[in-house]
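> compute the structure for the input listed below.
(2 chains)
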Amino acid sequence: MPGTVVEDIEVTHAGQGGGTGIPGGGDDGDSGGGLPAIPQRAYFTAISMGLGAILMFFMALISSYIVRKGLGGDWQALRLPSILWLNTLVLLASSGTIEFARRHLSAGEPADFRRWWRITTALGGIFLLGQWQAWRQLVAAGVYLASNPSSSFFYVLTAAHGVHLLGGIVALVYVAFRAWPAPSTALGAAAARSRITQSTAAEITSIYWHFMDGLWVFLFLLLQLGR
Amino acid sequence: MVTHDGGGAHAHHPPAGFIRKYIFSTDHKVIGIQYFLLALVSVFIGMFLSLLMRLHLAWPGAKLPFISGGIMTPEQYLALMTMHGTIMIFMVLTTAPQSGFGNFFLPIQIGAEDMAFPVINMLSFWTTFLSLMVLLAAFFVTGGAPITGWTAYPPLSAIGEITGPGEGLGQTLWVVGIAIFAGGSLMGALNFITTTIDLRARGMSLMRMPLTVWAWFVTAILGLLAFGVLLAACILLLLDRVAGTSFFIPGGLVVTDKLINHKGGSPLLWQHLFWFFGHPEVYIAIVPGMGVASHVLSTFSRKPVFGYRAMAYALCAIGFLGFCVWGHHMFVSGMSPYSALAFSVLTMSIGVPSAIKTFNWLGTLWGGQIRFTAPMLFAIGFVSLFVTGGLSGLFLAQPSIDLYFHDTYFVVAHFHLIMGVAAIFGIFAATYFWFPKMFGRMMSEPLGKVHFWLTFAGVYLIFMPMHYLGLVGHPRRYADDTGAYFLAPLHNVHLFITVSAIITMTAQLIFLFNFLRSLKWGKKAEMNPWQATTLEWSIPSPPPHDNFAGKLPAIYRGPYEFAVPGAVEDYIPQHLAPEEVARAR
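Below is the predicted model of the structure:
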């Protein structure tokens, strides 16, 4: 089948792989050595695939919720703690602040970036504390994990979301506290070949954060309207 | 640091210490071998469990080793069956073809230095290892291993030891172990997908990827979408077991005169969640084997793969349809006949891409200059078993016929042939084919051929008679057929199967001997012992730590350029520039 032989290397476009993003040249600095090269776009591929897997996980729980509720019988509507409204507002606000932070970073204003990034991290922490408080209110009202399928699902869904959001907070802290080489220096340029850069890390963290925010709004509506 | 002219990436050097190099390694090749060895240990454990079961079926009164009390009880039989299925499906068929060979060869075949995320790659192996340890621990706790089968249907799996030995801590360990496995597999899938999309060398367009890479890529997507669902299902089942919830446990359940204090749950909900994962899982086991079969058939027929594009698209179609057919495992669950019809039609439509693949495999063989090496024999065996096992699937895909066949040995024969043995043949083909590249030595060809013929004949002798057992209505999962008068005339069939199984299992020792002996005493392998075209054959055997010694290859042609008219040799490797080809003429 010689028909597939071509005289030139077919250039595939950057977004589709083909390796055009792998830098040429061999004069790697100290920080790049010892690690294989990886283009920054791979991190964006990974976060979108990872979110796809997370979405499937939550879809399995959500469809179980719908099916289990549809069986009727023992399902009792759950009175959701009102603090959840406040938590929702806090998380929505954090999506705004992370966006401010990201824009300051790309505009080359690291001090403003750090401030808004820290505010986002704090808001994430406040949200989790608020969720904990919601659990305590339910417990105080005598509503436990096994009390009713509606409460079982409430605890499972909020816990699963909380664990994922905690992962987001870990990422926020990592981006804030890691010593990033400045991209303008030779060291930074060398590191960008084999490691994640600060701007990539900040961007994929915000993608994840927005996703967790949107997921929570969806879960909250489901629990509120579908109870 | 080493400097290379002519582009490519910088070299990266292997770690020095033993632990970083061989235990907690981030090198995709070491991780691939770790996965392969994990599967190798697991497959012999799983095979030994089935040997005990077969011995008991043939001689129900016999005292057996490793069985407490000597003579196997029905509960012990079920525990062996559960662990056999779980270990074989998760620890062998999911790890070896995908995580083992895929890890080792996917980055090399696309011209990358490593996986996209080497540390996550390492974590995914050690997570899988932990999961195996947790599963095996179930043998050693009070009550022993669980008895619910690899599908763990509730309520049996959900309400604790009242339903039998092994349903206490053993079943809890099983659920936890599988949840951990799901986590490890998700990390692996993420790595495979990102690597395939973003780390291909210059010129390696999608339609120039070897079909093995296509197969690993499709399998990774299946894993990414399926294992999250399994994880969610395991969490809910675990809560039913330990936290008193009622997701899967129905109300009014009475077990041994005791009313179970749960209400309102749905055992069917587990079945839907489980099979939404479970059917794609079947393809996770077999699709990499399809890739290997295409690759090996083409290499040893000295012909391009017949219909390369159709093969790639058929892989994608099989992967997609795999998510639409889970209901065919539940035809007897009382589902609406209309749903059953939809699942039935969708299931039979998988026959179309499967037939395309089979036709193209035969088309690849047709008129080729066939070299009957050990890997080639196993690849041809794969095609044979895929067809035999697939045809019985067409029977089972029809709800009215499945009503009769459900839970009989016909089903056991079907899934063992297509998902068990065919996938194992894919693994054997891959092992004989890539062993020289992985370990730098050749395996013995004569021993490989003896291994092939004994195994090929053996598996048909084992599983063909099981179809007849199923046709006459022999239920599966029965520990002993002598108690039921309608099964008594079938006992000689069981004897026949057991004898065949013992011979076939003994033949696997030939493989093990060949494998271990060749590691040390095999003939030294050259760079390209099979005259193959893909990138792994352009680097030394075994490959250096950074695969391409710091200089990433460029790709000029498709992966299967065999029998090229006018070429000096009968093949042109993917990385050979047109000038070099012209110069050689």
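> just the pLDDT for residue B:264.
Listed pLDDT for residue B:264 reads 86.
> same question for the one 5 residues further on.
pLDDT for residue B:269: 96.
> number of residues surrounding it?
19 (other CB atoms under 10 Å in any protein chain shown). (Each C-beta comes from the backbone N, C-alpha and C, glycine too.)
> hmm, it is touching residue B:247, no?
Yes. The pair residue B:269 and residue B:247 qualifies as a contact (CB atoms under 8 Å) at a distance of 6.7 Å.
> overlap in contacts, these two.
Here residue B:269 and residue B:247 have A:64, A:68 as joint contacts, going by CB atoms under 8 Å, 6 or more residues apart in numbering or on different chains.
> for residue B:31, what are its contacts?
Residue B:31 neighbours (CB under 8 Å, 6+ apart): B:25, B:103, B:121, B:122, B:125.
> now, which of those lie within strands?
Within those, no residue falls in strands by DSSP state E.
> as TSV, these with pLDDT and neighbour count would be great.
As requested, these are exported to TSV (pLDDT from 0 to 100; neighbours: other CB atoms under 10 Å in any protein chain shown):
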residue	pLDDT	neighbour count
B:25	94	21
B:103	97	30
B:121	97	27
B:122	97	21
B:125	98	24
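> and which of those residues is nearest residue B:476?
residue B:125 (33.5 Å; CB to CB).
> please name the nearest non-neighbouring residue to residue B:93.
Leaving aside its chain neighbours, residue B:93 sits nearest to residue B:285 (3.7 Å; criterion: CB to CB, 6 or more residues apart in numbering or on different chains).
> before we move on, what SS does the closest residue to residue A:130 other than its chain neighbours have?
Leaving out its chain neighbours, the residue that sits closest to residue A:130 by CB to CB, 6+ apart is residue A:87, at 3.8 Å. Classification of residue A:87 using DSSP: H, G, I helix; E, B strand; the rest coil returns helix.
> end-to-end on stretch B:464-477?
18 Å (CA to CA, to the nearest Å).
> follow-up on the earlier one: and the residue nearest to residue A:130, what does it touch?
With CB under 8 Å, 6+ apart, residue A:87 has these contacts: A:127, A:130, A:131, A:134.
> from the chain's centroid, how far away is the helix-or-strand element of chain A with minimal mean pLDDT?
Ranked by mean pLDDT, DSSP states H and E, the weakest helix or strand in chain A is helix A:186-194, scoring a mean of 78. The chain centroid and the centroid of helix A:186-194 are separated by 25 Å, computed with CA atoms, centre = their mean, to the nearest Å.
> and the helix or strand following that helix, which residues are buried?
Per DSSP states H and E, the first helix or strand lying C-terminal to helix A:186-194 is helix A:198-225. By 16 or more other CB atoms under 10 Å in any protein chain shown, the buried positions in helix A:198-225 come out as A:198-209, A:211-213, A:215-216, A:219-220, A:223.
> give me the angle between the least confident helix or strand of chain A and helix A:198-225.
50 degrees (axes from the mean of the first three to the mean of the last three CA atoms, to 10 degrees).
> in helix A:186-194, which residues are buried?
A:188, A:189, A:190, A:191, A:192, A:193, A:194.
> ok, residue B:488 to residue B:474 distance?
11 Å (CB to CB, to the nearest Å).
> more crowded one of the two?
residue B:474 (21 against 11).
> my guess is that one contacts residue B:490, does it?
Yes. Applying CB under 8 Å as the test, residue B:474 and residue B:490 come out as touching, 5.9 Å apart.
> which residues do those two both contact?
By CB under 8 Å, 6+ apart, the residues touching both residue B:474 and residue B:490 are residue B:481.
> burial count for the closest residue to residue B:135 other than its chain neighbours?
Spatial nearest neighbour of residue B:135, excluding adjacent residues (CB to CB, 6+ apart): residue B:177 at 4.0 Å. Number of residues near residue B:177 (other CB under 10 Å) recorded here: 23.
> quick check, pLDDT for residue B:177.
For residue B:177, pLDDT reads 98.
> point out where chain A drops to low pLDDT.
Scanning chain A for pLDDT under 70 picks out the ranges A:1-35, A:72.
> which parts of it are strands?
Under DSSP E, chain A gives no strands.
> now do the helices in the stretch 401-550 of chain B.
Remark: helices assigned in the stretch 401-550 of chain B by DSSP state H, counting those that start in this stretch are B:409-415, B:422-439, B:445-471, B:491-521.
> of the ones you listed, which is nearest residue B:217?
Using CB to CB, those put helix B:422-439 closest to residue B:217, at 16.2 Å.
> check the offset of that closest one from the chain's centre.
So, by CA atoms, centre = their mean, the centroid of helix B:422-439 is 13 Å from its chain's centroid.
> helices or strands up against the longest helix along chain B?
Criterion DSSP state H: the longest helix present in chain B is helix B:267-301. Using 3 or more CB pairs under 8 Å, 6 or more residues apart in numbering or on different chains; DSSP states H and E, the elements in contact with helix B:267-301 are helix A:41-70, helix B:101-109, helix B:211-242, helix B:308-321, helix B:351-365, helix B:374-396, helix B:422-439.
> mind giving me the packing neighbours of the fourth one?
With contacts defined as 3+ CB pairs under 8 Å, 6+ apart, the secondary structure elements packing on helix B:308-321 are helix B:211-242, helix B:267-301, helix B:351-365.
> mind listing what's buried along the last one?
In this case it means helix B:351-365. Residues of helix B:351-365 classed as buried: B:351, B:353, B:354, B:356, B:357, B:358, B:360, B:361, B:363, B:364, B:365 (neighbour count, 16+ other CB under 10 Å).
> which residue does the stretch 301-450 of chain B have closest to chain A?
Using CB to the nearest CB, the single residue of the stretch 301-450 of chain B nearest to chain A is residue B:304, 4.1 Å away.
> could you look up the SS state of that residue?
Going by three-state DSSP: residue B:304 is coil.
> tell me who's in contact with it.
Per CB under 8 Å, 6+ apart, neighbours of residue B:304: A:1, B:298, B:364, B:558, B:560, B:561, B:562, B:563.
> how far away is the fifth one from chain A?
If I follow you right, that is residue B:560. 7 Å (CB to the nearest CB, to the nearest Å).
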